[in-house]
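Visitor: Got a predicted model here, sequence first, then my questions.
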Amino acid sequence: MNLRRDVFQAIADPTRRAILLLVTTQAMTAGAIAANFDTARPTVSKHLLVLTECELLKQEQKGREVYYQLNPQKMKEVADFVEPFRLLWDERFNKLESVMQKFKST
Amino acid sequence: MGLKTKITAEAGKQDLVITREFDLPLDLLFRAYVEPEIVEQWMGTKVLKLESRKHGSWQFETSDPQGNVVFRANGVVHEFVPGQKITRTFEMENTPFPVQLEFLEFEKLTAHTSKLTMQIVYKSVADRDGMLKLPFAQGINMAHNRLQEAVNDLK
């Protein structure tokens, strides 16, 4: 299976993106991460599993607790520095353009 | 087929500039930033508040398909000149990212085309680079469905 595709699928999910955002600056336990969502704890665990399996998250054992943190190396592999950001804005502006086209005739 | 959007992010600087030319007259481009129902359509987010005036404020919220709020952002409008410019702050709620400052300039190119120049100033170089490395952080805001389509195309 193509790992690269898996990474993109992983970040396509809004909850998983929110999880990645949470752990950008600090390592967190699964419990601390789950506390940020209304979603059931097992659902959050499943998201953590997906993110860990495609190596976007790293696990670190500290005493009895497992901490999750972002794997910046993997993030770099996902795409070039500015390109995803540009792609995101380009898609957004394309949408703006198509939404506004319908007002043109009026 | 190249992207119509350009991003300039010089190394070591704490800002970046996004430019885009639209096949839209200036008034329609500006309207897309002012009318809440239209903003909701192209940004893919819910507009809780959008006061387009000096000292006005705005707040957007995005939920996942199950209805859980996954993103909320807000800011204050500092300058609002119809058809010309919007200066505003942008803050993602419940995230470690500091507030950012956005200068939006709207220009008429021809009767049917227009240009947007958006300068975003971050608190530090590291904050800017962190944001660039996390495009999906922005993706949570707005357009996550669009992002999904975009990444699906990469498959």
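Guide: Ah, there it is. Numbers count the residues shown, from 1 in each chain, chains lettered A, B, ... in the order given.
Visitor: Sketch out the low-pLDDT regions of chain B for me.
Guide: Residues of chain B meeting the criterion pLDDT under 70: B:1-2, B:133-155.
Visitor: quick check: longest strand of it.
Guide: strand B:69-81 (DSSP state E).
Visitor: Can you see whether that strand contacts chain A, counting any residue in it?
Guide: Yes - Strand B:69-81 comes into contact with chain A (Cβ under 8 Å from any Cβ of the partner chain), by way of B:69-71. From N, CA and C alone the C-beta is placed, and that goes for glycine too.
Visitor: mind listing the strands for chain A?
Guide: Using DSSP E, strands in chain A cover A:28-29, A:57-62, A:65-70.
Visitor: Include mean pLDDT when you put the ones you listed into TSV, please.
Guide: Formatted as TSV, these follow (pLDDT from 0 to 100):
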stretch	mean pLDDT
strand A:28-29	95
strand A:57-62	92
strand A:65-70	93
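Visitor: can I get those in JSON lines with distance to chain B and mean neighbour count?
Guide: Formatted as JSON lines, those follow (distance: least, Cβ to the nearest Cβ, whole Å; neighbours: other Cβ atoms under 10 Å in any protein chain shown):
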{"stretch": "strand A:28-29", "distance to chain B": "11", "mean neighbour count": "16"}
{"stretch": "strand A:57-62", "distance to chain B": "13", "mean neighbour count": "14"}
{"stretch": "strand A:65-70", "distance to chain B": "9", "mean neighbour count": "18"}
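Visitor: Count the residues that sit near B:A9.
Guide: For B:A9, the count of nearby residues is 19 (other Cβ atoms under 10 Å in any protein chain shown).
Visitor: which residues touch it?
Guide: Residues in contact with B:A9 (Cβ atoms under 8 Å, 6 or more residues apart in numbering or on different chains) are A:81-82, B:16-17, B:128, B:132.
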